[in-house]
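In: Need a 3D model of the sequence below.
(one chain, ligands or ions: 2)
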Amino acid sequence: MGKTFDIGLDRLTGGAQFSIGSAITTNPGTTKNEDGFAHAGAGVAASQFGAIRSASRGTFFLETFGCQMNDHDSEKVAGVLLARGYTQVESPESASLILYNTCSIREKAAQKVFSRLGEFGVQQNDGRVIGVLGCVAQQEGEEIFRRAPWVSLVCGSASYSKLPELLAQVEAGNQRVTGLDTDTDETFETPVTRRDNPWRAYLTIIEGCDKACSYCVVPYTRGPERSRASDSILREVRQLADLGYSEVQLLGQTVNSYADPTARKMRFSELLLAVADAPGIRRVRFTTSHPRDFTQDIVDAIDRQPKLCNHVHLPVQSGSTRVLRAMQRTYSREEYLEKIAMIRGAKRAVSITTDIIVGFPGETDADLRETLSLLDAVKYDAMFSFKYSPRPHTPSLAMSDAIPEEEKSRRLAVLQEKQREIQVARHATMVGVTFELLVSGKSRRENHWSGHTSCHRVINFTSQERALLGKYVQVRVTGATPNSLLGEQAP
Ligand code: SAM
Ligand code: SF4
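Out: Numbering: from 1, shown residues only. Ligands and ions are numbered 1, 2, ... in the order given. This is a model prediction of the structure:
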């Protein structure tokens with residue numbers, strides 16, 4: 001199953017018959033789509049959209065692996081396909097075009113794709129077209145055709161702007177179509193984006209990465225940094241607000257390295273404030289921030305504008321300066337802690353989350369203890385933790401002193417237990433506190449809902465009200481688990 005989010009969509013699609021829930025928006029920076037159809041820059045509901053392209057080309061199934069950037073790339077890829085007259089379906093069995101948008105950040109994620117492709121090997125002559133998109137496509141390139149000869153399209157994310165041309169070649173019957181350039185200076189802007197969530201919209205403002213962390217395959221798979229023009233971003237935000245989106249999340253591998261390519265040269269913090277100024281926008285998030293480029297003006301902007309969410313995701317990766325050097329993270333433990341002190345110095349309490357890798361080559365018990373003591377020092381609100389996974393095309397692949405898998409698992413368990421204790425203690429202090437929530441889920445259980453706070457905590461809560469999805473409500477916390485909070489709607 002592809003990732004889908006299909007509640008409350010009739011509001012945005014005018015009740016149109018669409019194969020899966022979706023909200024369609026046009027890119028205001030684009031005046032015509034690849035078929036030459038003119039767009040006025042206003043939102044296009046699905047019913048109108050059907051009128052744009054009534055001739056059907058077939059059906060597509062799109063499964064997404066990996067991060068939020070991949071999720072959003074898939075929303076744009078789906079927009080490109082819908083604009084070409086395809087209909088989206090929920091299973092590969094009923095699709096004429098099957099696409100996998102892949103992740104190669106860790107080996108396990110990359111393997112998943114080949115196991116999916118393996119499912120098609122025996123039925124390769126049934127006429128269906130199969131494509132591999134994203135990071136595994138970029139990483140493996142034409143090797144994919146050798147391992148899975150039934151694949152016809154291999155396209156990395158840096159080449160998505162060429163997707164319409166590549167699809168035209170696939171439709172013409174070409175069995176080996178590739179888009180593998182990373183030397184592009186273009187960002188992937190589509191005439192139409194089919195958004196999955198009707199209240200929170202993702203918006204990529206910077207693609208690729210110019211950092212060179214020694215363990216990370218992203219600079220290879222996603223290419224160099226390209227920032228999107230600030231005026232185009234702001235036009236799209238206004239369009240999203242007109243369509244009823246109240247929360248926008250600005251995305252980038254290093255979102256705060258944003259460098260406006262226009263003469264306006266907006267700083268990242270200025271862009272945040274300008275996005276928050278769009279009428280109708282109530283919350284602005286951004287992820288992922290790189291510690292080196294995290295500056296005081298971002299904290300000042302959060303203090304000045306309450307619509308900027310009080311949450312910063314600031315991956316540290318390790319608490320040991322020695323390991324950080326080997327990782328080429330460009331900061332020491334002390335410099336990272338200075339950034340934390342800067343965020344803690346904000347007038348509003350800002351929640352801080354992080355990513356950590358254990359078992360990097362040469363990591364000692366003493367290094368791990370430094371990471372554990374960093375958790376004690378920072379008291380993160382949440383942590384994503386990973387065992388180091390050697391990746392192709394990365395400098396750390398050649399490093400000696402690999403840590404055995406079992407030992408990596410042990411270290412991960414120790415780290416996660418430490419963070420669990422921190423979260424239990426932190427959540428206990430929240431019982432009795434009232435938060436504003438954007439309601440985004442309804443449980444099957446009567447009167448049970450869920451939503452997230454500005455500081456990005458999930459609260460499962462009860463309410464006697466009937467229609468809460470997409471609304472902002474006040475919720476009082478009544479209980480806590482290590483990963484979420486329980487509450488009831490406050491009067
Ligand atoms: N750009 C972000 C940053 O600099 O923190 C992170 C992007 S990456 C998609 C998300 C996370 O995956 C990283 O923060 C890191 O913790 C993890 N990661 C990346 N490469 C990894 C590897 N080779 N093995 C294990 N985890 C990895
Ligand atoms: Fe990878 Fe480092 Fe770039 Fe993040 S900053 S995407 S971890 S190379």
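
In: Those residues of this structure touching ligand 2, which are they?
Out: Proximity of the chain to ligand 2, by Cβ under 6 Å from any ligand atom, involves residues 209, 211, 213, 216, 218-219, 253-254, 290. The C-beta positions use only the backbone N, C-alpha and C, and glycine is treated the same way.

In: can you tell me which residues contact Val154?
Out: By Cβ atoms under 8 Å, 6 or more residues apart in numbering, Val154 lies in contact with 131-132, 137, 140-142, 144-145, 177-180.

In: Which residues of the stretch 101-250 of the chain lie near ligand 1?
Out: By Cβ under 6 Å from any ligand atom, the part of the stretch 101-250 of the chain that sits against ligand 1 consists of 105-106, 215-216, 218.

In: With distance to Ile343 and neighbour count added, can I get those residues in JSON lines?
Out: Shown next, in JSON lines, are these (distance: Cβ to Cβ, whole Å; neighbours: other Cβ atoms under 10 Å):
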{"residue": "Ile105", "distance to Ile343": "25", "neighbour count": "20"}
{"residue": "Arg106", "distance to Ile343": "28", "neighbour count": "18"}
{"residue": "Tyr215", "distance to Ile343": "25", "neighbour count": "24"}
{"residue": "Cys216", "distance to Ile343": "24", "neighbour count": "23"}
{"residue": "Val218", "distance to Ile343": "24", "neighbour count": "22"}
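
In: Dump those residues to CSV, plus secondary structure and pLDDT.
Out: Listed next are these as CSV, based on DSSP: H, G, I helix; E, B strand; the rest coil; pLDDT from 0 to 100:
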residue, secondary structure, pLDDT
Ile105, coil, 96
Arg106, coil, 95
Tyr215, coil, 98
Cys216, coil, 98
Val218, helix, 96
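
In: all strands of the stretch 51-200 of the chain, in order?
Out: Secondary structure of the stretch 51-200 of the chain by DSSP state E, counting those that start in this stretch: the strands cover 58-64, 86-88, 97-102, 129-134, 151-155, 177-179, 192-195, 200-204.

In: In CSV: those strands, plus mean pLDDT and distance to Glu119.
Out: Below are these laid out as CSV (pLDDT from 0 to 100; distance: least, Cβ to Cβ, whole Å):
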stretch, mean pLDDT, distance to Glu119
strand 58-64, 96, 11
strand 86-88, 95, 20
strand 97-102, 96, 10
strand 129-134, 95, 10
strand 151-155, 96, 12
strand 177-179, 97, 21
strand 192-195, 88, 25
strand 200-204, 96, 29
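
In: quick revisit: which two among the contacts of Val154 are spaced furthest apart?
Out: Within the contacts of Val154, two members stand farthest from each other by Cβ to Cβ: Glu140 and Val177, at 15.1 Å.

In: More neighbours: which of the two?
Out: Each of Glu140 and Val177 has its neighbours counted (other Cβ atoms under 10 Å); Glu140 has more, 24 against 20.

In: what about that one, distance to ligand 1?
Out: Computed as Cβ to the nearest ligand atom, to the nearest Å, the Glu140 to ligand 1 distance reads 16 Å.

In: okay, Phe18: pLDDT?
Out: The score at Phe18 is 28. That number is its pLDDT.

In: Sketch out the low-pLDDT regions of the stretch 101-250 of the chain for me.
Out: Residues of the stretch 101-250 of the chain that meet the criterion pLDDT under 70 lie in 121-125.

In: try 90 this time
Out: The stretch 101-250 of the chain contains residues with pLDDT under 90 at 109-110, 118-128, 158, 161, 164, 182-192, 194, 196.

In: which stretches of it form helices?
Out: Counting by DSSP state H, counting those that start in this stretch, the stretch 101-250 of the chain has helices at residues 107-118, 135-140, 143-147, 163-171, 218-222, 230-242.

In: Residue in the stretch 1-150 of the chain with the shortest distance to ligand 2?
Out: Residue nearest to ligand 2 within the stretch 1-150 of the chain: Ile105 (8.2 Å; Cβ to the nearest ligand atom).

In: mind checking how far that residue is from Arg222?
Out: Counting by Cβ to Cβ, to the nearest Å, the gap from Ile105 to Arg222 is 11 Å.

In: Give the residues shared as contacts by those two.
Out: Cys135.

In: which ones are touching the nearest residue to Asn174 once chain neighbours are set aside?
Out: With Cβ to Cβ, 6 or more residues apart in numbering as the criterion, Asn174 has its nearest non-adjacent residue at 7.2 Å, and that residue is Ser152. Counting by Cβ under 8 Å, 6+ apart, Ser152 touches 129-131, 170, 174-177.

In: Produce a PyMOL select command limited to the buried residues of those.
Out: Command for PyMOL that selects the buried part of the contacts of Ser152, burial taken from 16 or more other Cβ atoms under 10 Å:
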select buried, resi 129+130+131+170+177
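
In: all strands of the stretch 301-450 of the chain, in order?
Out: With DSSP E, counting those that start in this stretch as the criterion, the stretch 301-450 of the chain has strands at 311-313, 351-358, 382-387, 434-442, 448-453.

In: Following the chain past the last one, name the next helix or strand.
Out: Per DSSP states H and E, the first helix or strand lying C-terminal to strand 448-453 is strand 458-462.

In: quick one: average confidence on that following strand?
Out: If you average the pLDDT over strand 458-462, you get 97.

In: chain center to the helix or strand that contains Val473, what's the gap?
Out: In the assignment (DSSP H and E), Val473 maps to strand 472-480. Taking Cα atoms, centre = their mean, to the nearest Å, one finds the center of strand 472-480 at 26 Å from the center of the full chain.

In: Let's test this: mean pLDDT of that strand, rounded?
Out: Here the average pLDDT along strand 472-480 is 97.

In: And Ile340, how far from Ser269?
Out: Separation of Ile340 from Ser269 (Cβ to Cβ) stands at 18 Å.

In: cool, Val113 as well?
Out: Val113 sits at a distance of 38 Å from Ser269 (criterion: Cβ to Cβ).

In: quick one on the thing from earlier: among the helices of the stretch 101-250 of the chain, show me which one is buried the most.
Out: helix 135-140 (a mean of 26; mean count of other Cβ atoms under 10 Å).

In: who does it touch, helix- and strand-wise?
Out: Contacts defined by 3 or more Cβ pairs under 8 Å, 6 or more residues apart in numbering; DSSP states H and E place helix 135-140 against strand 97-102, helix 107-118, helix 143-147, strand 151-155, helix 218-222.

In: Distance from it to the middle of the chain?
Out: Centre-to-centre, helix 135-140 and its host chain are 18 Å apart (Cα atoms, centre = their mean).
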